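J.: requesting a structural model of the entry that follows:
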Amino acid sequence: MVTAVPLQQQLDAKVNEIKQVVGAVGEEKGARRPADGEWCVKEILSHLCGDDGHNFMDWYTRFIDEDRPLIGIVSGLPYYTPARQSMTVSDLLSQVESQYQQVAQFLGGLSDEQLNRKGRVPLLKDTPLGEYPTLALFAGGLINFHLNDHINQLRTLCQ
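T.: A predicted model of the protein is given here:
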């Protein structure tokens, strides 16, 4: 069974990994795409920040506040707006850190009952998590798959 404190610690560790990987990247390297159609460091960070009109906390609180909320995730969007293009790597990194620290603190305060609440996430239908994951599984997927994949991308780009 997944509990709140390990989820919080895992998410904090992933944020620290992102900071270590990206921390020394300069602006030129951060904005350079490795190839046409591939994301640069700043685009990955922008993606991890999510849509400007959406806060990741909304997904998590909806698991608690609603019965089986529909979590409509659209994959593959960098959310790399002109405003974000003009941000520094450091500013984008700070925004990622702030958002995920908020989520980690939230997860760390949840009860087992809250972590076992289910939501509906159609994007996950064909994954091992399934279309109706618990909040714990949803958070674990974000931490161990989504963030991990992007950390690996960042490592490659920052070498």
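J.: give me the pLDDT value at Asp52.
T.: Model confidence at Asp52, given as pLDDT, is 78.
J.: wait, it sits on Pro82?
T.: No - if you go by CB atoms under 8 Å, Asp52 and Pro82 don't touch, sitting 11.1 Å apart. Where C-beta positions appear, they are placed from N, C-alpha and C, glycine not excepted.
J.: quick one: which of the two has more around it?
T.: A count of neighbours by other CB atoms under 10 Å puts Asp52 above the other of Asp52 and Pro82, at 11 against 6.
J.: hang on, the more buried one in a helix?
T.: No - applying DSSP: H, G, I helix; E, B strand; the rest coil, one finds Asp52 to be coil, outside a helix.
J.: can you mark which positions in stretch 130-138 are buried?
T.: Neighbour counts over stretch 130-138 (16 or more other CB atoms under 10 Å) mark Pro133, Thr134, Leu135, Ala136, Leu137, Phe138 as buried.
J.: ok, now stretch 91-105?
T.: Buried residues in stretch 91-105, counted by 16+ other CB under 10 Å: Leu92, Leu93, Gln95, Val96, Glu97, Gln99, Tyr100, Val103, Ala104.
J.: need these in JSON lines (columns: pLDDT).
T.: Conversion of those to JSON lines gives the following (pLDDT from 0 to 100):
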{"residue": "Leu92", "pLDDT": "96"}
{"residue": "Leu93", "pLDDT": "97"}
{"residue": "Gln95", "pLDDT": "94"}
{"residue": "Val96", "pLDDT": "95"}
{"residue": "Glu97", "pLDDT": "96"}
{"residue": "Gln99", "pLDDT": "92"}
{"residue": "Tyr100", "pLDDT": "94"}
{"residue": "Val103", "pLDDT": "95"}
{"residue": "Ala104", "pLDDT": "95"}
